[in-house]
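Visitor: What shape does this take:
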Amino acid sequence: MSSVSKKKKPEGIFIPMVTPFRASDESVDFSGLKEVTEFLIQNGVDGIIPSGSTGEFVAMSHEEQKKVNAAVCEYAAGRVKVFCSTGAYRTCDAVDLSKSAEAAGADGVMVVTPWYMAPNEEELYEHYKAIRKAVSIPVMVYHNPYYSTCLMTDKFMAKLYNDGLIDAVKERQADVYRQQDLRALTDDGFGIFYGYDICPVECVSMWADGWVCGTGNLFPKENKTVYDLAKTRQIPEAQKYHFEKIRPYLPLFTENTAKGLPCPWLSVIKEGLKLRGVNAGVARKPVMALPDDMMAKLKKVLKEYGHI
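Guide: Take a look at the predicted model:
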């Protein structure tokens with residue numbers, strides 16, 4: 001059993017927030033970061049995750065990541081939970097980032113598995129053991145084999161929790177059975193977060209305690225509503241709201257551009273936030289700017305939702 005599982009486990013809708021970068025030199029725009037933080041809090045989210053995948057941590061130095069994490073902790077000022085993203089390939093870097101986040105006042109850390117040269121189970125165990133030893137706040141594993149190439153079995157993830165090394169998981173795979181299996185192999189103290197955008201009703205109404213939702217940057221109130229309906233098991237209402245308010249905007253993040261290129265979904269979020277009056281900056285290259293055809297679709301959807 002986790003060392004902190006006797007405390008209230010993390011739950012709710014957490015947004016992996018974007019990091020605004022200036023168009024002039026791609027430096028971090030901290031005034032924009034404060035705007036995004038405030039926008040999410042005012043729209044009722046339960047938690048925020050700075051410098052995650054949507055926050056472009058792979059495009060930031062570790063020192064930038066520390067500063068972004070600390071700034072968001074300061075801006076949030078205890079109004080919502082802040083789980084700072086502190087994943088790194090090297091264990092020593094993940095430990096350093098996690099200690100820095102705790103010192104800045106984070107409520108927890110979200111630590112993606114090492115990527116590219118995926119570690120084996122023994123290596124992963126020692127990785128999370130070192131992080132657990134370094135901090136006293138909750139540790140959430142970010143399990144995203146689609147990007148990291150590191151696939152954990154249900155039994156191994158449960159072992160990490162049962163041995164006291166982790167407290168929660170952001171499970172990117174839209175697999176309700178996997179969530180069920182994780183619950184059966186652990187106990188109710190383990191925080192299970194659904195970590196994708198397409199089927200929150202199915203996951204949250206059954207086994208998931210929370211939802212980490214990237215598109216919630218742009219549509220936080222809509223995502224919070226469907227989470228609350230699903231969590232309280234108002235299933236018909238949740239299904240209806242999802243079909244009316246969630247599914248219609250999902251193609252913005254999945255359709256190819258007019259040139260047949262994959263959609264630059266980070267730019268969709270940032271341009272959408274700017275259209276809503278929030279300074280979200282630009283994405284760092286090599287992420288491309290939003291093409292005109294995608295911008296037209298984005299404006300159309302935001303008008304339909306009454307946001308512009």
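
Visitor: residues contacting M60?
Guide: T19, V28, S51, V68 (C-beta atoms under 8 Å, 6 or more residues apart in numbering). In short, each C-beta sits where N, CA and C put it, glycine included.

Visitor: and of those, the nearest to L124?
Guide: Set against L124, the nearest of the contacts of M60 by C-beta to C-beta is S51 (21.5 Å).

Visitor: Is it correct that that closest one is in contact with V28?
Guide: No. S51 sits out of contact with V28 when judged by C-beta atoms under 8 Å, with a separation of 10.0 Å.

Visitor: So between these two, which is more surrounded?
Guide: S51 (29 against 20; other C-beta atoms under 10 Å).

Visitor: what are the ranges of the helices in this structure?
Guide: 30-42, 62-76, 91-103, 121-134, 145-148, 154-162, 176-185, 200-204, 220-231, 235-241, 265-275, 292-304 (DSSP state H).

Visitor: I'd like those helices as CSV, with mean neighbour count appended.
Guide: As requested, those are exported to CSV (neighbours: other C-beta atoms under 10 Å):
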stretch, mean neighbour count
helix 30-42, 19
helix 62-76, 20
helix 91-103, 20
helix 121-134, 16
helix 145-148, 14
helix 154-162, 19
helix 176-185, 17
helix 200-204, 24
helix 220-231, 22
helix 235-241, 16
helix 265-275, 22
helix 292-304, 15
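
Visitor: just flag whichever of the ones you listed has the lowest average confidence.
Guide: When those are ranked by mean pLDDT, helix 145-148 comes last with a mean of 71.

Visitor: Keeping just the C-alphas, turn stretch 191-209 into CSV.
Guide: What follows is stretch 191-209 as a C-alpha-only set of coordinates in CSV (Å, rounded to 0.1, in the frame of the first residue of the first chain):
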residue,chain,number,x,y,z
GLY,A,191,-5.8,7.1,-7.7
ILE,A,192,-6.7,6.1,-11.3
PHE,A,193,-6.9,8.9,-13.8
TYR,A,194,-8.2,8.5,-17.3
GLY,A,195,-5.7,10.3,-19.5
TYR,A,196,-7.2,10.8,-22.9
ASP,A,197,-10.1,12.8,-24.3
ILE,A,198,-12.4,10.4,-26.2
CYS,A,199,-14.4,8.3,-23.7
PRO,A,200,-14.6,10.0,-20.3
VAL,A,201,-18.1,8.9,-19.5
GLU,A,202,-17.2,5.2,-19.8
CYS,A,203,-14.1,5.5,-17.7
VAL,A,204,-15.1,8.0,-15.1
SER,A,205,-18.5,6.5,-14.4
MET,A,206,-16.8,3.1,-13.7
TRP,A,207,-13.3,2.8,-12.3
ALA,A,208,-11.5,6.1,-12.8
ASP,A,209,-11.2,8.6,-9.9
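
Visitor: Can you list the buried residues in it?
Guide: 191-197, 200-209 (16 or more other C-beta atoms under 10 Å).

Visitor: Same question for stretch 42-59.
Guide: So, applying 16+ other C-beta under 10 Å, buried residues of stretch 42-59: 44-57, 59.

Visitor: tell me which of those residues is nearest to D93?
Guide: Closest to D93, out of all of those and judged by C-beta to C-beta, is F57, at 11.4 Å.

Visitor: Could you name every residue contacting both of S51 and V28?
Guide: With C-beta under 8 Å, 6+ apart as the test, S51 and V28 both reach T19, M60, V68.

Visitor: quick one: which of these is nearest R276?
Guide: The closest of the shared contacts of S51 and V28, once distances to R276 are taken by C-beta to C-beta, is T19, at 17.2 Å.

Visitor: Look up the closest residue to that closest one, ignoring the ones flanking it.
Guide: G55 (4.5 Å; C-beta to C-beta, 6 or more residues apart in numbering).

Visitor: Distance of the one you found relative to G32?
Guide: 12 Å (C-beta to C-beta, to the nearest Å).

Visitor: what touches both of the two?
Guide: Between them, G55 and G32 share no contacting residue under C-beta under 8 Å, 6+ apart.

Visitor: TSV for the contacts of M60, including distance to T113?
Guide: Formatted as TSV, the contacts of M60 follow (distance: C-beta to C-beta, whole Å):
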residue	distance to T113
T19	21
V28	25
S51	16
V68	21
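
Visitor: which ones are touching the nearest residue to A70 once chain neighbours are set aside?
Guide: Counting by C-beta to C-beta, 6+ apart, A70 lies nearest to A104, which is 3.8 Å off, once chain neighbours are set aside. For A104, the contact set (C-beta under 8 Å, 6+ apart) comprises K66, N69, A70, C73, E74, C84.

Visitor: For A104, give me phi and psi.
Guide: When read as degrees, to the nearest 10, the backbone of A104 gives phi -80, psi -10.

Visitor: just checking, E222 touches I246?
Guide: Yes. Between E222 and I246 there is a contact under C-beta under 8 Å: 6.4 Å.
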